[in-house]
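A.B. asks: sequence-free structure coming up:
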């Protein structure tokens, strides 16, 4: 998807999504992946206080404003992944995604675990990254879901944006036999507050690289979908792509605007990796991985006090 | 390094290694990375029984046959990583590597955790992969070592071959603040027993891809070094490369023969990733990673029994 400005109405954005859905269905798609926070601009770049913030959240899903997407998808027999800001009835806020099959059944829900940014705004910054302020950490783990026969009983998982850079997220899905990971993202193209050390090309390379390698290392398909382009002066990278279980890009976006990419996903391509190189049961050694769950941050080794001289 | 045949003498192979060491030192290198099982052919492709097997193992390190490498490196002030088959005094066998600094001090030792292959030979196979028969699983974890001032007090870690495909290995090193990972490998270029589903180009792509992505996701430099070319009719991929903390290839091998690659490694390039995107203490959520250490193999989700209808 191309950019969505702060001033864009929900109706306007939904019209674009319906248009993309129709195009994909016409080209034979049975699953459509929309990006993270697909119904709005990437609002965590703004400090928004009080009730104005609630405008960006969905208090139920579906709800009247987005119902046409659900209705049209069911008529077309197309399922979808979509990311949105969730406000629960008891006031919890999550960066959330759902997976809906072609019959309109919600296969699963995911709440983003790897929230980037900060709780407090930076006083000197034109744009913020306030996901840690606006959302709680996801509390559903990384669940995998078994699809129905229309999706060949695929085992499917979800991530949101920054999650894709964290191999732990992929591995927890991989350990459930996941064959297809759906990812939506909004990733800054550069640091709009100056101090530029990474440009859009490098950031797009990073996004693609982690998707390719983690798909390979877990022998899974991956569909990684950007909201791209310039939102109210702040750039977002593109780089949407579909990656096979060998880590190869099958198709990738050419623009930063609304664009439909279609590919056939042969789930059997996962078997080579899952049965041989990445046969986890045969080759993983969890007793050597203890630090991964014992420790969040880095503890550096001390300088050697005694060293073995030759 | 190019290939080493079964019939090659240890002296001949050591002569090649000394030549590479000299070339590297002339070009200013302070650290030289040799491959896995650098002193011999990749012998796990053969079923070897009885005392003939011991020929391929080092019973001490250094020992008279390899002492010239240690001596020359110390004179040149160049340290090195080298992989070899270790036979301990109490009869344990490991696929091992050591890191020796320019003063001849052993900074650290590593024993390969992710052993591929099988214990039993395949009766129909021309070439075997018997690492699980010839080696015990490494029992030293993935330790990181703090170098001395000659190596700018870098935090360094080691892997061997297949380890590089396992993000857990990288993460355990990353959680110790590792700034440079040294890797040696011998990776089959194709399945010499037929049933070819991956060619050398795809396997080289996999090798490079995992090195790039894991270096990026842990904000570390990586030096990944092949033993390449055809050993007694069995092909090994090349693809030796030096990768920066952004996952970019700085230099890569052009041949499958003995070849020296040199790069300057600016350790400060690790800081951007370690302090921001991959500030583990700020962004990791170990409470969501439990499956990684609880479970070795895959457990697939059951088909949904109750599903949420919209």
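C.D. replies: Received the coordinates, thanks. Remember, predicted model here, so these are calculated numbers, not experimental data.

A.B. asks: Leaving out sequence neighbours, find the closest residue to residue A:141.
C.D. replies: residue B:288 (5.5 Å; CB to CB, 6 or more residues apart in numbering or on different chains). (C-beta placed from N, C-alpha, C; glycine too.)

A.B. asks: That neighbour contacts residue A:173, doesn't it?
C.D. replies: No. Using CB atoms under 8 Å, residue B:288 makes no contact with residue A:173, being 11.4 Å away.

A.B. asks: what do these two both touch?
C.D. replies: residue A:142 (CB atoms under 8 Å, 6 or more residues apart in numbering or on different chains).

A.B. asks: what residues are up against the residue nearest to residue A:141?
C.D. replies: A:113, A:138, A:141, A:142, A:168, A:169, A:172.

A.B. asks: Could you tell me the model confidence score at the nearest residue to residue A:231 once chain neighbours are set aside?
C.D. replies: Excluding the flanking residues, the one nearest residue A:231 by CB to CB, 6+ apart is residue A:3, at 4.4 Å. Per-residue pLDDT puts residue A:3 at 98.

A.B. asks: okay, now residue A:3: neighbour count?
C.D. replies: Residues within reach of residue A:3, counting by other CB atoms under 10 Å in any protein chain shown, total 20.

A.B. asks: before we move on, what about residue A:301?
C.D. replies: So residue A:301, with other CB under 10 Å, has 16 neighbours.

A.B. asks: could you measure it against residue B:100, distance?
C.D. replies: 17 Å (CB to CB, to the nearest Å).

A.B. asks: any idea where the helices of the stretch 201-310 of chain A begin and end?
C.D. replies: A:269-275, A:280-283, A:290-294 (DSSP state H, counting those that start in this stretch).

A.B. asks: Including mean neighbour count, could these go into JSON lines?
C.D. replies: Formatted as JSON lines, these follow (neighbours: other CB atoms under 10 Å in any protein chain shown):
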{"stretch": "helix A:269-275", "mean neighbour count": "17"}
{"stretch": "helix A:280-283", "mean neighbour count": "17"}
{"stretch": "helix A:290-294", "mean neighbour count": "17"}
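
A.B. asks: any chance of those helices in CSV, with mean pLDDT and distance to residue B:132 too?
C.D. replies: Conversion of the helices of the stretch 201-310 of chain A to CSV gives the following (pLDDT from 0 to 100; distance: least, CB to CB, whole Å):
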stretch, mean pLDDT, distance to residue B:132
helix A:269-275, 97, 16
helix A:280-283, 98, 9
helix A:290-294, 98, 22
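
A.B. asks: Just put those helices in JSON lines and tack on distance to chain B.
C.D. replies: Listed next are the helices of the stretch 201-310 of chain A as JSON lines, based on distance: least, CB to the nearest CB, whole Å:
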{"stretch": "helix A:269-275", "distance to chain B": "6"}
{"stretch": "helix A:280-283", "distance to chain B": "3"}
{"stretch": "helix A:290-294", "distance to chain B": "5"}
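
A.B. asks: So is stretch A:15-23 next to chain B?
C.D. replies: No. Interface with chain B: stretch A:15-23 contributes nothing (CB under 8 Å from any CB of the partner chain), its closest point being 15.7 Å away.

A.B. asks: what pLDDT, on average, does that stretch get?
C.D. replies: The model assigns stretch A:15-23 a mean pLDDT of 98.

A.B. asks: which residues are in contact with it?
C.D. replies: A:1-2, A:32, A:34, A:38-39, A:68-69, A:72-73, A:76, A:78, A:80, A:258, A:260.

A.B. asks: ok, residue A:58 - how many residues close by?
C.D. replies: 17.

A.B. asks: ok, and the closest non-adjacent residue to it?
C.D. replies: Using CB to CB, 6+ apart, the closest residue to residue A:58 is residue A:84 (5.0 Å).

A.B. asks: is it fair to say the one you found lies in a strand?
C.D. replies: Yes. The assignment for residue A:84 (DSSP: H, G, I helix; E, B strand; the rest coil) places it in a strand.

A.B. asks: Which residues are in contact with it?
C.D. replies: Here residue A:84 is in contact with A:37, A:38, A:39, A:40, A:57, A:58, A:61, A:66, A:96, A:97, A:98 (CB under 8 Å, 6+ apart).

A.B. asks: Mind checking which of the residues you listed land in helices?
C.D. replies: Applying DSSP state H to the contacts of residue A:84, no entry is found in helices.

A.B. asks: in chain A, which spans are strands?
C.D. replies: A:31-33, A:57-58, A:79-87, A:93-100, A:105-111, A:144-146, A:155-160, A:180-185, A:221-226, A:229-231, A:234-236, A:241-243, A:249-252, A:308-309 (DSSP state E).

A.B. asks: Export these to CSV and append columns for mean pLDDT.
C.D. replies: Formatted as CSV, the strands of chain A follow (pLDDT from 0 to 100):
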stretch, mean pLDDT
strand A:31-33, 98
strand A:57-58, 98
strand A:79-87, 98
strand A:93-100, 98
strand A:105-111, 95
strand A:144-146, 96
strand A:155-160, 98
strand A:180-185, 98
strand A:221-226, 98
strand A:229-231, 97
strand A:234-236, 95
strand A:241-243, 98
strand A:249-252, 98
strand A:308-309, 46
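
A.B. asks: Please name the residues that touch residue A:280.
C.D. replies: A:174, A:175, B:296, B:297, B:298.

A.B. asks: before we move on, the earlier item: tell me the spacing between the residue nearest to residue A:231 and chain B.
C.D. replies: 22 Å (CB to the nearest CB, to the nearest Å).

A.B. asks: wait, what's in contact with that residue?
C.D. replies: A:41, A:227, A:228, A:229, A:230, A:231, A:236, A:256.

A.B. asks: switch the cut-off to 6 Å
C.D. replies: Listed by CB atoms under 6 Å, 6 or more residues apart in numbering or on different chains, the contact set of residue A:3 reads A:229, A:230, A:231.

A.B. asks: one step back: would you point out the most distant pair within the contacts of stretch A:15-23?
C.D. replies: Based on CB to CB, the longest span within the contacts of stretch A:15-23 runs between A:2 and A:76 and measures 22.0 Å.

A.B. asks: What about residue A:149, how many residues nearby?
C.D. replies: Residues near residue A:149, counting by other CB under 10 Å: 7.

A.B. asks: what separates it from residue A:271, distance-wise?
C.D. replies: Distance from residue A:149 to residue A:271, by CB to CB: 19 Å.

A.B. asks: Repeat that for residue A:136.
C.D. replies: 38 Å.

A.B. asks: just checking, residue A:70 touches residue A:61?
C.D. replies: No. Using CB atoms under 6 Å as the test, residue A:70 is too far from residue A:61 to be in contact (8.9 Å).

A.B. asks: Do I have it right that residue A:237 meets residue A:203?
C.D. replies: Yes. Between residue A:237 and residue A:203 a contact is recorded at 5.1 Å, counting by CB under 6 Å.

A.B. asks: Looking at those two, which has the bigger crowd around it?
C.D. replies: Each of residue A:237 and residue A:203 has its neighbours counted (other CB under 10 Å); residue A:237 has more, 26 against 21.
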